[in-house]
Structures are given as structure tokens and as C-alpha cells.
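In: let's see this in three dimensions:
(chains A and B)
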Amino acid sequence: MDPFEVEGDSRKSNKPKYSKFTQQELPACKPLLTPGIVVSAFSLIGILFVPIGLASLSASQEIVELIDRYDTSCVPMTDKVGFIQNSKTDKTCTRTLTVPKQMKSPIYVYYQIGDFYQNHRRYVKSRSDKQLRYKEAAGLTKNCEPEGNSADGAPIIPCGLIAWSLFNDTYTISVNKKAIEVNKKGIAWQSDKNNKFGSDVYPSNFQKGNIIGGAKLNESIPLSEQEDLIVWMRTAALPTFRKLYGRIEADIMANDQLTVVIQNNYNTYSFGGSKVLVLSTTSWIGGKNNFIGVAYLTIGGLCLFLAVGFIVLYMFKPRALGDPSYLSWNRDILD
Amino acid sequence: MGRAGGRRRDRLRWSKLYTFSCFRAPATDEAVGPSSAGGAVGGPGFSRVVHCNNPAIHRRKPLKYPTNYISTTKYNIITFLPKAIFEQFRRVANLYFLLTAILSLTPVCPFSAVSMIAPLAFVVGLSMIKEGVEDWRRFIQDMKVNNRKVAVHKGDGQFEYKHWEDLCVGDVVKVEKDQFFPADLLLLSSSYEDGICYVETMNLDGETNLKVKRSLEVTLPLEEDESFKDFRAVIRCEDPNPSLYTFVGNFEYERQVYAIDPFQILLRDSKLRNTAFIYGVVIFTGHDSKVMQNSTESPSKRSRIERKMDLIIYILFTVLVLISLISSIGFAVRIKLDLPHWWYLQPQNSNKLDDPSRPALSGIFHLITALILYGYLIPISLYVSIELVKVLQAHFINQDIHMFDEETGNTAQARTSNLNEELGQVHTILSDKTGTLTCNQMDFLKCSIAGISYGVGSSEVELAAAKQMASGADDQDIPLRDVWEESNADGIQLVEGVTFSVGNNRKASIKGFSFQDDRLMQGNWTKEPNSSTILLFFRILGLCHTAIPEINEATGSITYEAESPDEGAFLVAAREFGFEFFKRTQSSVFVREKHTSSKGTTEREFKILNLLEFNSKRKRMSVILKDEDGQILLFCKGADSIIFDRLAKNGRMYEADTSKHLNDYGETGLRTLALSYRLLEESEYSSWSSEFLKAKTTIGPDRELQLERVSDLIERELILVGATAVEDKLQKGVPQCIDRLAQAGLKIWVLTGDKMETAINIGYACSLLRQGMKRICLSIPTGDQVAQDAKKAAKESLMLQIANGSQMVKLEKDPDAAFALVIDGKALAFALEDDMKHMFLNLATECASVICCRVSPKQKALVTRLVKEGIGQTTLAIGDGANDVGMIQEADIGVGISGVEGMQAVMASDFSISQFRFLERLLVVHGHWCYKRIAQMICYFFYKNIAFGLTIFYFEAFAGFSGQSVYDDWFMLLFNVVLTSLPVISLGVFEQDVSSEICLQFPALYQQGPKNLFFDWYRILGWMGNGLYSSLAIFFLNLCIFYDQAIRAGGQTADMAAVGTTMFTCIIWAVNMQIALTMNHFTWIQHLFVWGSITTWYLFILAYGMTLRSRDNYQILLEVLGPTPLYWVATLLVTAACSIPYLIHISYQRSCNPLDHHVIQEIKYLRKDVEDQTMWKRERSKARQKTKIGFTARVDAKIKQIRGKLHKKGPSLTIHTVS
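Out: Take a look at the predicted model:
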């Protein structure tokens, strides 16, 4: 101690105050993996997972899905790209499908594109959320390069590569030669329509450049009503993706003939992508997807197996809980 | 004490009494030219010139020397910012993050710049604040020292008080009693007439006995303030150097040159004792002083775990670069081959970041993007989390009520918090002795007079051993109760008749005296059979010493100022026995004798004829005196071996009994001395006296040898009187603590500045040594060869000794045999040389305990380095004095005892505790916990970031390697900082595998740390593998679930936001489930943090979804995912899939290959410890490493010995099952 320091009465006050927290003595639960808990944990997972698996598998099985890849047959064998890029050619294509099972309404109509990198960074970035939302923000096209402004410098609304490459194939569907309406309302998320796309923002300068990307927009309809665009603007996570085209609000019976007249406008031929028309019903798990059911059954089954395995292990190689002979110092002696 | 009394005492001419160190050779010898003793002065390395009493010269060049201001801080105001920032960016990870932060300002960055810079600024800022606060504390401590005051001559014989920092070379200072010397001084004169003074060098070398310094004869007249009016002299001497025991210089005064030797030098940080004042002139100031030169820069220490962690970070970097390369090659290839066809990206309008015509350039840009993007593999928050956790752990250490010392009012302090987990991995403890193991307070406890042992009190060692035997008896295989007979409540009797009194009626009312025996007290000794011998014994105690009595004038009581605490204890004992030494004059010693309780006292005067002083070579001291009857007596006390050699034929009457008692005393850890006397004939004395005088006046280096030789002549034909046993009081709980630490598998080395005998005694006292241990003593035999030869010979002899020792260890058959290595400082100097140190270390590691005596501070540090580097395990150094600073800084962990001595050790330490015994809790509880916590925490961090970071990489492969992340920027930013940080911090702060009680009860659990069970590569790679698995499971399961079909009954398909958010939800669940499975200990805090983190995530996306900033995540939970059953189903599936492998692992491990703490947890859980107390007790006693030191070993040895004896006695006793 420094001899020049006068020792005060601070001695006692130095004493740490007792509290369960500072003394690390807080009441705690110390769960222990006893054999009982191990077996019941695995059994529980198994018992929980198998029914879920069965339920989702059966839900998936109920779903009727019609898939038709039309990109190859709707173009001539030679010079597909030239064909599709020529705006003069007639791109009408008629497809006939037979419904294997009764499809209850609503039946959802999707277009599915393969090998289209909507998740490419250059693509994802190329949009202006503010512009889509606010009328005043029409000039905010900085992020939209290279599809920000038209050649004369006027802002393109909606700007950016995503909007510019909007899908423009159209489907006209008739059942047993009788035209059937495809409802294109309500296919986008409500919140997108209400809050992300302005009801007072109208397309302008769109698809006016040298190269036409995809669909054109009706300049008299505000963006919030352009549901095709809204759906398209939700970029897909994977290069193969489906997007909602519309909804058929009538049942289609088994063996009905479905005729689809397709305007095959969209260029997937440059990059060798596919285009598929999908009609599908849904259930609580969405569209047809056996994977989730199988995965649940696998994990559930594995857990049940493990539960049995551990029971066997505990029977054949029992170790009494807290058996001191398993302590290292006792084991050393045995060795 | 009154001034007059002081003066009277000051008149003593000590040089007349002291024969060796204090003896002043004739003055002519001192006036030597610069050519002889100080031959090197003026040459290179000896260029210092000091103009005494003329400091003004030293304020200007060319003789400007550093001021006396000292600073031990790392930074100052100007250098703080650049230096601290530099320190921060020496961490590779921080440098990486700095680079990414800079790059984030460019368009290559996949995220917004803020999300890169903010965490870095936070992390670095926090660490810098911590550095700053720590340095500030050091600064305050320095200021305290710098602002101490000392009287300085300001001219005209006037002295005034100045701050230490204002001292200048050449100043004349006056230092008063019990003050520290402010700088290295040349002693000019003291309050004693012959210019001697006493100093205590505790802070320099840890020795507590007082050292005598003396001034040159020529400066003796400078004994008053006024005499410095015209004092002028010049000192030419060596340059600043760290050697504490040498000094070369000349003193030029009044046209004469005198050689200065170390006897005239008073070193900074030593203390003036027993001397009213001294005058000195400042030679070395501030950082030039020897003690400062001895201090090394305090190194920044990092724990083993952290160093390994750095390695892992390097590995992760490699992985990062690797996957970035893959990614950028993939990108370049796609850009080259595919991008021209991807019309929707308008490749014709490309900029340089993705230009199909220059794929290589784009690839290089993309490499940078990828390095930033996959940066989540490197946990940025790891460092800051660890730092935060460690600060909290340190707080717990500081707050631990069990490490609070009521006496000093000090708590344990974790002074640097970055070594907490290192405490759990200690392999070797290097301990100082004085002040650390012992209090340096002697207690007279027993004596053997005329072959009869007196004193019934028990030493601490005995007490504790007896307790241990009593409690541990039933743990043994054979029914020891048959052997032990419990005679009464507070005593346990061995069959042999050795009684250990366990009673707590031991009084300690008189400091230094714990003797209890009615046979000798209150004058009862006169009734004893050999009362005349007893009388002689007491007289030797009271007369054979060099102490000075100090009378407290208020109370009339006497205290003694003795050179060594042993002597003090003897005098106190003599006083209690009725032989009160109360006055010493130049020629006489006065004793007040009181023979019985009834009679009054008689004052007796003994004339001192000669005083043959103690030194470590002679190991004895004698006085020759004439009593009132004119009889000449020689009283001699010394080490038993020395005395026994010198006994007369008729003086060996009690030799056998006394030596038996000495052995007993030694075994119980007491310091022993044998006392003897001799009657001298007048004629014999006078002839010897003349020879002695001749030797005394010999000139030259022979003098000491001559004196020794002559002393030897008279110290013969002695008659043994008896022996004393003094207890060097150990600090509270030291033997127990050493025992426990040994049981925890720790090796303990003692490094002490003390003499070999003292060190060995303490070794016994704290059970580091015991009877029956094979002792290997390494020392350099003192020969009289010429200097160079001596060195070579010494080395060879040491080499031989080490080889012999190793051979002895190797040839030992008995597995229970224990070896102890005792080495002395000189031998150590050779043993530490490069060619020998490995041999030495090998031998030392074979020995159960190692004691190094007479070691200098530097050697302490060197030994520490040798152990640290040679064994390659964690070392811990513990000490309390400035002499331990080097070792404290050198060791992996330095622990300072914040006791009575200076603060230097504490200042240099990483942890400070106020008593040695707290070391047990610090290591076994806090160390154990912190090690496991940090190890698990780091493993988990790697797991978590790998699991998260790799999913980003996988997604890249599906996004054309374009650098797009599937997660929102905000998710990524929050992942490390908010969503997963608190649970892991709670793991790092609160996790306990077993409670503190059990840690202490099962010292073997500590070995999990030194064995590194929780941070070995197996475990680290396991965790990383788990991370890899989780990332695969999370990504690919989600991919399959959200592949292309509708995700809900409404027909909507999943977009990137939905997939990303679901995957992120799965990650949050998976990593939090993982940590829940890792934890053993859930208080409400862990529950809150783990489950709270998951809740926070949902609350966050809920809130985030309310803002338009969230882009595609707008209303994600409320509208998109919340009502989608698939989202919840997927979360459950992925979470389960991620947790199951780990669950299988821990279930299997626990059932088939449980670790110790698992079993103990189970025992506690099933309350088996309450139900089956025998088992619990048995396991507790077994839960220790095999020890060869400590009580347990001693008790074991004792039991073995008893068994052996019982065995011999034959079948009359029931014990046959001796293994």
C-alpha cells in the first residue's frame, strides 16, 4: 500500500454486495438428457411429423395440375429468335389439353419460365420503388440504369429492367370449345396494390426505346391496377419460376377438352429458356408439392427409428444415471 | 519515539560490532585512483557524470539526464488515437472489415455502405474505449507515485519538499524513516554516526530482512542540513543498467578519488528502515533507475484460445477466398458465355462491372463483391462479443464475495479481462514465496531444551493435516478407524502417541509468540530438571542477536527492530520467558531477568566482546561476551548441521534427542535453529582476540576469508543446549490451497529470493516438500579457482548434478516416490543458459515440486519463460513484490497479491487477489467456467456464421453468381448484431456446467481445461461440420419446398422476398435451438435471450413490414407468410432437420461416453449425493489428480508409514489388507 495514502474507512464499502446475480447463483433449470427424455424427444418428433407428412402428402395428392410446355412447338424449327423478334409475324399458337381429373374452382393459371435470371443482381437492382409509388418521384430513375430515361431524357415510368422485360404472352382459354373467362383481377398481393404502386402513377415513355423488351402498358390505367406488372415486379428467387397469370372461377370436369390460344410473344429463345403454361388447383399447402410430405415422413420416420434405436442402446448397453464408475478417475483405474 | 532517544541510539558505532559487511577497511584503502577499482570508469558504458549538489548543470545539455518522472502508460493524449487504432487494426479480422467498409463506398458492394461501416465503428470504438480506460488507470497510478514528496536541498543548507517527478540528477535529498527512496541515491550520511542505514529491498528482490548500507568515510561529516551549503563533488559512474547488485563508480571529493561500491547505493523503491534519516545524492532518476531498468514493457497477452481462434479465422478466410474465387470464376464464365443472350439484362449497355467483352476484369471486380458478400462467414461481432463477455466475466470475478478479503478490504480484480479463459487452462504455477505464501511473520512455537521438547501448540501444517486425517480416514480402503482413536472432542491421537490438538484455543495475543507450555511459562522452568540449561537457553535467545530495542515511551513496552523476523521472534520469546532485552549500548547488552513469577526483576549487563555475524555461507552467528561474573562465554546459534559438526565431545549429551526433535519440527514445517554455547578461558580468548584483530585489519580481498577462518577457530568445542522452532506464518489457507491446486493437477514451482534453507523450510511448511521425498539439490560448489576456470568448473559440476538427478529419477522403481528439486540462484544462472536449459527443464518436470532460491527478478522471468516455452503449456505467475514483476509479465497469466507491499506487482498483473488462497477459487471455479464458456461461445460463433454465410453462397450459384443476396440487407445487418448476439453472450456469461461448489469439490474437473477438451480441433471441426450441415439443410430444404408451385391456397407463388424471409426464419430458429441444446444452465436470462431472440425476429419483420423501405418485404409477415401454412410447416421441418444430428450426438455421447461433468450433473439431478453420501464423499476424495505434494500426499505418506509399522507389529492388529 502506498505509505502516503491514508487508508480510509472504505474497507467495508469495498465489500461486494451479495446478490444472486453477481454471485452467479441465480436459480436455474438444468435440463438433463436422460434416456427417458432422449427417447421421448425423438418419439415426440416422430409422432408429430408423421401425421403432418401424411396430411401434406394427401393435400398435395388432391391437387390437379396441368402442365404444358409450349415454347418449342409454337415456333418454327429454324430461326426461333428471328421469328420471335419480328413484330410482324403472327405468333398465335393453339394448344389442346385434356383434363385428367376434375378441377374445382378456383383454377389458377400460371406461366412458368425456365432459365430466366430474375434474381440476377443487375436485374433486381434495376427498379425505382419511389417512382412506382409516388407521382412526384417520376424523375428518380437513378437505380433503373440502363432503362432509366428515354432517348430524349424523359423518365420512363415504370423504369428499370424488370418492368421493361414484362412478360407478354397471352392465353385465351376455352373449355370444350366454349370460351371461359380468365379473371386477371386479384392476382397480385393486396398490399402491393394499395401501398407500393401508386394509384395516381401512370405509365409514360414505356417501351418507347429502340429495343422493345416485353409487354406494353395501357397508359390510362394507373400502376396500382396493372396487376400483371405488379406480379412480374416481384422477382423470383430461382431461375425457373411460375407467376400467376389469372384465375378461372369455374370447375372443369375430367376429360374436358381445353383449348388455349397463346400469343407467343415473349422471347425466351435467345437464352434457351422454356415457357410452360400451368393450370392448377390449390389446397392449404398451396400447389402440388410432394416433397414436403416426403420430407416430413422421412424425418418423422427417422426419429421414430432413433427412438427405438436408443431404447435398444439403453437396453443392451445400460448406464445407470449418475453411475460414478463412469467418472474418469474410476475409469482410469479400470484401464 | 523521542528525538533524544533516537540520538542516543544513533551514537552506536556499528562497525565495531559487525565484523563482515559493516566492517570498514582503513581509509587509505578507499582512496584509489581511477585505474584500480573503478578501472572502467570513463570508458564506454561508464560515461555518467554527476555533479553533486549542482543539479542546474544537469538541466542543460550535455549533461541532461531524464527527469524523475515515470510513466508506465501505453498511450498519451496525442498518440492515443493513432496508436490505439493501429492496435485495433492489427487484428486481421478488423483489417478485413475495414477494407470491406472502404469498398462498400464503391458500387461493387452488394450492400449499403452503412451496413458495413456501422458495425465496424461500433466494434472498434468499444474496444478503444476499453483500452483508454485501462490506460487512464495506469496514468493515475503513475501520478500518485510522481507526486510523492521528498525533502530536497535547495541551496544554502535549506531543504524543502518537492514532488518526486521534479527531482534532478545531482540533487541532495533527505529521506526520512520508512520512506521510499525516490531515485537511485549515493548515501552520504545517516542519522547514525558512522553513516550506516538499514534498507528494506522488498520491492526489488522480495527479501524482507534489512540490509545495511554505509556511506563513504569522507562524507560522514555531512550530517546536518547546513553542511550541504558548499558541498561539491563529482561522481563518475556506470551508465544506467538493470543490474541490482553491482555498481561501479568513483566519487571525487576534495581532490581525492574514492571508489563507490554497491554498499553506498540506495535504490529507488527500497525503503529506509530503522534509521531516522539519510542524506543522499541523486545518481539515476526516473527510467534510468535500476528498478525501472529492470521493468520490462508490459506485454499484451492473448490467451491460447484466442490465438487458436485467430488461426480458425485464417482458415475461414481461406474458405472465404476460395468460395469467392469459385463465385467470381463462375461469374466470369457466365458473363462471357451467357450474358450476351440474356437480353433482359440489356448486355449491350453494360458497364465494367459486368461486361461480357471483358469477363476477366468483371471477374476481378466480382471477386471483391464476393469477398464482401460472403464476409458473413467471418463473425465480425465475435471480437466485440467476446470482449463484452469477458468484461462481464471479469465483473463476476471482481464481485465474487468469496474472494473478498475482510482484512485488507480488497476484492479480486481482473485487471485485464482478456485472459479469463486462460485461467481455466493453467498447467504450472510459479509462485513467489515471501508475502505470497508466507506473511513473513515469525512465531516462536516450540523449543527443545536439554533433550526435552517443549511447546504443545501445533503448527498450521499439523493442524490441517490432523483435520485432513480425521475427515479423510473413512475414505480409505482399510478401516482406519481401528488405527485412529479419537481421544476427545478436540484431539486425535495416533496410536504411536503423537497428538495433534485440533482445538482452536490457540492464542495469538502476542505477535511472534505462540508458544504454549506451562512447564516453561511463568517461571515454572525453574522447577524443571535441567533448569540451568534452560537458563542458558533463554540467555542465548536474549543475547545472541543484533537487534535494537525500541521503547514505546507511552506504554513502556519494548519492540525490537531486528534484521530478520526470526530474531525478532526469539527476542519476544525471551521476553515472555522472563529475559527481557531492553537496552543496547556500544559495548553492552542489558537484560531484565525475572526468574520466577513472585520475585522481582534483576537487570543484568553483558559486555559484548565480539559479534560474529550471520551470513549464508557460515549459517551461524555468535556473540562473545563477558557476564557480570567476568566469565567469557560464546553463544552460538545456527543451522543444526553446522552446530552439530562443531560440538565438543562433552557437548553431545542431548544430540540424539535434539536431532530427533529437529526432524519432527522440520517435518511440521517449522524453521529450526540449534543453540549452543562455550565457556572460554581468559587466556584462550585473548590469544584468539589478537588473531581476530589481525584478520580484521588485513587489507585486500583476503579479509573476509581471514575473518571467517578466525571465527571458525573459536566457534568450536560447543556444547549443545537445544533448538528452537519458529513458524514462518503462512498466509491463511496456503497449504490447503496448494493441496487443492495439486489435486487439480497443477504443478507448483516456488521462486524465491530467500536463502536455500528458508526456502526449504517453507517448502515443508506448505507441503511442497515432505519427509521421504527425494531431494535433488543443485548448487555451485564454492571453490577457489581463478575466475574463468571457476565458471567452467561450475558449469561442469552442475551438468553432472543434473545428469545424476535425471539418472536417479529414471532408476527409481517405486511409483510413489516423489522428487523435489531445489536449485539456488547461482546454479540457476548456468542452468538457464541455452545449452543446459532443456536438461534442467526435463529434470524439473520430472520432479513433483521445484524450488528455486536466491533468484533475482530477472531470473524469475527467465525461469518463467523457460517453463512457458519449454513445456508449451499455460503458466501462471503469482507474486506480490516489485521483484515479481518480470515474472508476472512473462507468464501467460500474472497474478498479483494486493497485500501489504507496494503496488508494482499488482500494477503489472493481469489479475490481483488479496490472498494466495483465493487462487483456488479463481482457477478452479472462475477459470473453469470462463474456459468452457469462451470455448463453447467461439465454437458456436463459427457454427452460426458458417450456417448463415454458406447459404448466401449457395444462393449465388442459383443467381448466376451475380452477387445478389436472397436476404434483405437489414436481415443481414441484424443477424450478428441483434438477432443472434444476446443468446451467445448469455452463454458466455452465465453458462455453468456444474455449480461453483462442485467445481471446488471435484478438482479433477479442472483438468478439462489444461487438456483442452472443449476447444480441440475435433470439437472445432465438429462444430464447423455442423454449421455446414445446417447451411445445406436450410438452403436445400427451402429450395425444394418453395420450388415453383403456389405456396398457399390463394395461388400466389413465392418470390425472392418470401423465400429469403422463410430461409432466414429457419436460420434464426436453427441457431437458437442449437444454442438452447448447447446450454446446460438456464436462468431466466438465458430463457429471455434465446426465446426473446426468436420473438424479436418476428416482431422485427412485423415492424419492418410496416415500412415501405422494406421493398418486397412489405407486409411480409402479415399478408404473405403469416397466413401461409407452408411457411410454418417449412420452419418446423428445417429447424428439426438442423437440430437432430446434434441431438443424436449429445444423446449418444452422454449415454455411452459421458464426461465427468455429465455424470456429476446426473448425480446432482437425481439427488444421489444426498441419498448416498458415502459414494459422494468417496468420489470427492477420488476426484483429484495423483499428487505427490500437498497435505494429501503427506497424509498418504504418513498413513503408508503407519501401515508399514502396523504390519511389522504382526497379527495382533486386525489390518492385513495393506496393498
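
In: all contacts plus neighbour counts: C-alpha atoms, from now on.
Out: Noted.

In: contact partners of whatever helix or strand B:Ala84 lives in?
Out: Using DSSP states H and E, B:Ala84 falls within helix B:77-88. With contact meaning CA atoms under 8 Å, 6 or more residues apart in numbering or on different chains, helix B:77-88 is reached by B:Tyr75, B:Asn94, B:Val124, B:Ser127, B:Met128, B:Glu131, B:Gly132.

In: next helix or strand past the helix or strand that the fourth one is a member of?
Out: In other words, B:Ser127. Element membership for B:Ser127 (DSSP H and E) is helix B:113-146. For helix B:113-146, the following helix or strand on the C-terminal side (DSSP H and E) is strand B:149-155.

In: from the chain's centre, how far out does the helix holding B:Ser127 sit?
Out: Centroid separation between helix B:113-146 and its chain, computed with CA atoms, centre = their mean, to the nearest Å, is 26 Å.

In: now stretch B:930-946
Out: 28 Å.

In: now do stretch B:746-756
Out: With CA atoms, centre = their mean, you get 12 Å for stretch B:746-756.

In: grab the nearest non-local neighbour of residue 154.
Out: Went with chain A since none was named. A:Asn205 (7.4 Å; CA to CA, 6 or more residues apart in numbering or on different chains).

In: not quite, go with chain B.
Out: B:Glu160 (6.7 Å).

In: ramachandran angles for that neighbour?
Out: Main-chain dihedrals, B:Glu160, degrees, to the nearest 10: phi -140, psi 160.

In: confidence score at it?
Out: On the pLDDT scale, B:Glu160 is placed at 89.

In: pretty sure it contacts B:Leu167?
Out: No - taking contacts as CA atoms under 8 Å, B:Glu160 lies outside contact range of B:Leu167: 11.8 Å.

In: and the residue of the stretch 901-1050 of chain B found nearest chain A, helix, strand or coil?
Out: In the stretch 901-1050 of chain B, the residue that lies nearest chain A is B:Arg1048 (3.7 Å; CA to the nearest CA). Per DSSP: H, G, I helix; E, B strand; the rest coil, the secondary structure class of B:Arg1048 is coil.

In: just give me the neighbour total for the residue of the stretch 101-250 of chain B at minimum distance from chain A.
Out: Minimum separation of the stretch 101-250 of chain B from chain A (CA to the nearest CA) falls at B:Arg148, amounting to 7.3 Å. By the criterion of other CA atoms under 10 Å in any protein chain shown, B:Arg148 has 18 neighbours.

In: shaky segments in the stretch 151-300 of chain B?
Out: B:205-209, B:294-299 (pLDDT under 70).

In: residues in contact with whatever helix or strand B:Leu1099 lives in?
Out: Using DSSP H and E, B:Leu1099 sits within helix B:1084-1104. Residues outside helix B:1084-1104 that contact it (CA under 8 Å, 6+ apart): A:28, B:978-980, B:982-983, B:986-987, B:990, B:1065, B:1068-1069, B:1072, B:1075-1076, B:1110, B:1113-1118.

In: show me what whichever helix or strand comes after it is packed against.
Out: Helices and strands here follow DSSP H and E; after helix B:1084-1104, the next one along the chain is helix B:1125-1152. If you count contacts as 3 or more CA pairs under 8 Å, 6 or more residues apart in numbering or on different chains; DSSP states H and E, helix B:1125-1152 packs onto helix A:35-62, helix A:290-316, helix B:1017-1041, helix B:1056-1078.

In: what do you get if the cut-off is 10 Å, keeping everything else the same?
Out: Packing partners of helix B:1125-1152 (3 or more CA pairs under 10 Å, 6 or more residues apart in numbering or on different chains; DSSP states H and E): helix A:35-62, helix A:290-316, helix B:1017-1041, helix B:1056-1078, helix B:1156-1165.

In: please enumerate the helices of the stretch 751-900 of chain B.
Out: Chain-ordered helices for the stretch 751-900 of chain B, with DSSP state H, counting those that start in this stretch as the definition, fall at B:756-765, B:787-811, B:825-831, B:837-846, B:857-871, B:885-890.

In: so which of those helices is nearest chain A?
Out: helix B:885-890 (15.9 Å).

In: and that closest one, is it in reach of chain A?
Out: No - using CA under 10 Å from any CA of the partner chain, helix B:885-890 stays clear of chain A, coming no nearer than 15.9 Å.

In: identify the residues contacting residue 267.
Out: The chain I'm using is chain A. Neighbouring residues of A:Asn267 by CA atoms under 10 Å, 6 or more residues apart in numbering or on different chains: A:71, A:80-85, A:165, A:167-169, A:213-214, A:273-275, B:343-344.

In: to clarify, I was referring to chain B.
Out: Each residue near B:Leu267 by CA under 10 Å, 6+ apart is listed here: B:180-186, B:199, B:201, B:204, B:244, B:283-284, B:289-291.
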